[in-house]
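Participant: below is the sequence, then the predicted model.
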Amino acid sequence: MPSLKEIKGRINSISSTLAITSAMKMVAAAKLQKAQMAIQNMLPYERRLHSMLIDLMGAVNMSAPASEEGSARLVSLSNQPDHTESEGAYSLMAQREVRKVAIVAFASNSSLCGAFNSNVIREATAVINEYRASGLGDADITVYSVGRKMAEAMKKLGFPSPADFTKMSDSPSYDAASALAQELLDGFVSGRFDKVELVYNHYKSTSSQPTIRQTYLPLSLADATADLQAGKIADSASESDTNRGAEPVGAPVVRQGSPTTEDLIVEPSKEELIATLLPKVVRLRVFTTLLDSTAAEQAARTVAMQLATDNGNDLLQELTLEYNKGRQQKITSEILDLVGGSMQ
């Protein structure tokens, strides 16, 4: 049985730890509220852009360039505004045999957020093993690690990140996300990547952050249309509860009663409008994914610190009770010694 001094020391240590966990919970809750506002303000804009793009692509009957008609429908995404369409023209819907793949995995820079990092690292590892099983070598798989924890885990597996993206996890920035998206676009267009996937934790609610795996490139009009027909996409504007998360980013939205592209007059042309919307959508998707992952991280950290605080309070009550029992037993023993000595 530990002495009263040892129990008292444990009580003081736990009390100090509770002060830290309570402060971290308050900080995480404040950051979560800020992240919630950012993702909720961004998602309707991103979804509507995606929905408009799908409607326009469907109106001009754009399909994968594997078809004869699709091979002629290329979209210009040049960084330089003075480039001609022929110089920067390419298709982001080209379905190719997957021989080289890029995986963008999002995690955090710090721990103390429950299973947030371990879940997404496990999913990213499973994706890598899946491609290994399909016949791809390690040299054919490129992992862009966003967050220090992901970078460390992937480096141990033999997949160091091509660049340092740790700052993106702490301070989400559209400029940094746009630069990463442009690198992925250039790699896909040049043939360096045949497929690009995103792996991240989606903020569904404060207590739920499921791991999501999405195909970033090539763009698939068929998959998005299937989701729309199946009714899987809901309008984010109808979600009034701020504690509820949105659907995974990159999912388009269809509003009931909205006019179809056949009812609209598009100038100068639908093709030129697609060429303008497409780079915005693909770049914005990386940024929205980053915001979604940040919100999920803060939610996981809030829950983890709340659980740590509750467990600490329970342990503190047990130790206090044990200390009081030991102290009472010691006092009783001293009284008995005094009474026994006086009777001799």
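Facilitator: It's in.

Participant: if I pick the residue most central in space within the chain, what's in contact with it?
Facilitator: By Cα atoms, centre = their mean, the chain has its centre lying nearest to S293, at 2.5 Å. Contact partners of S293, counting by Cβ atoms under 8 Å, 6 or more residues apart in numbering, are 106-107, 146, 169, 200-203. Glycine gets a C-beta too; all of them are placed from N, C-alpha and C.

Participant: against R47, how distant is it?
Facilitator: 17 Å (Cβ to Cβ, to the nearest Å).

Participant: same thing with S171?
Facilitator: With Cβ to Cβ as the criterion, S171 and R47 are 24 Å apart.

Participant: looking at these two, which is more packed in?
Facilitator: The neighbour comparison of S171 against R47 (other Cβ atoms under 10 Å) goes to R47, with 25 against 8.

Participant: can you show me the strands along the chain?
Facilitator: 75-76, 89-90, 101-106, 141-146, 195-201, 211-217 (DSSP state E).

Participant: and the ones you listed as JSON lines, adding mean neighbour count, distance to D337 and mean pLDDT?
Facilitator: Formatted as JSON lines, these follow (neighbours: other Cβ atoms under 10 Å; distance: least, Cβ to Cβ, whole Å; pLDDT from 0 to 100):
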{"stretch": "strand 75-76", "mean neighbour count": "20", "distance to D337": "92", "mean pLDDT": "39"}
{"stretch": "strand 89-90", "mean neighbour count": "16", "distance to D337": "92", "mean pLDDT": "36"}
{"stretch": "strand 101-106", "mean neighbour count": "24", "distance to D337": "66", "mean pLDDT": "96"}
{"stretch": "strand 141-146", "mean neighbour count": "24", "distance to D337": "66", "mean pLDDT": "95"}
{"stretch": "strand 195-201", "mean neighbour count": "24", "distance to D337": "62", "mean pLDDT": "95"}
{"stretch": "strand 211-217", "mean neighbour count": "19", "distance to D337": "63", "mean pLDDT": "92"}
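
Participant: closest one to L157 among these?
Facilitator: Closest to L157 of those is strand 141-146 (Cβ to Cβ; 8.2 Å).

Participant: helices or strands next to that closest one in the packing?
Facilitator: strand 101-106, helix 116-133, helix 148-156, helix 166-170, helix 174-189 (3 or more Cβ pairs under 8 Å, 6 or more residues apart in numbering; DSSP states H and E).

Participant: again, only this time at 7 Å
Facilitator: strand 101-106, helix 148-156 (3 or more Cβ pairs under 7 Å, 6 or more residues apart in numbering; DSSP states H and E).

Participant: make TSV from the ones you listed and add distance to K34 to it.
Facilitator: Shown next, in TSV, are the helices and strands packed on strand 141-146 (distance: least, Cβ to Cβ, whole Å):
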stretch	distance to K34
strand 101-106	18
helix 148-156	21
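
Participant: among those, which comes closest to L338?
Facilitator: Here helix 148-156 is closest among the helices and strands packed on strand 141-146 (Cβ to Cβ), at 60.5 Å.

Participant: helices and strands around that closest one, which ones?
Facilitator: helix 116-133, strand 141-146.

Participant: let's have these in CSV, adding distance to L217.
Facilitator: Listed next are the helices and strands packed on helix 148-156 as CSV, based on distance: least, Cβ to Cβ, whole Å:
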stretch, distance to L217
helix 116-133, 15
strand 141-146, 13
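
Participant: out of these, which is closest to P2?
Facilitator: When the helices and strands packed on helix 148-156 are compared by Cβ to Cβ, helix 116-133 sits nearest P2, at 33.3 Å.

Participant: returning to that earlier point: quick check: which of the helices and strands packed on helix 148-156 is buried the most?
Facilitator: Each of the helices and strands packed on helix 148-156 was scored by mean neighbour count; the highest is strand 141-146, a mean of 24, by mean count of other Cβ atoms under 10 Å.

Participant: that strand pairs with which strands?
Facilitator: The strands beside strand 141-146 in its sheet (DSSP bridges) come out as strand 101-106 (parallel).

Participant: alpha carbons of the strand it pairs with, as CSV, please.
Facilitator: Provided in CSV are the C-alpha atoms of strand 101-106 (Å, rounded to 0.1, in the frame of the first residue of the first chain):
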residue,chain,number,x,y,z
VAL,A,101,-0.3,7.1,-58.6
ALA,A,102,-0.2,10.1,-56.2
ILE,A,103,-1.8,9.9,-52.8
VAL,A,104,-2.4,13.1,-50.8
ALA,A,105,-2.8,12.2,-47.1
PHE,A,106,-3.9,14.7,-44.5
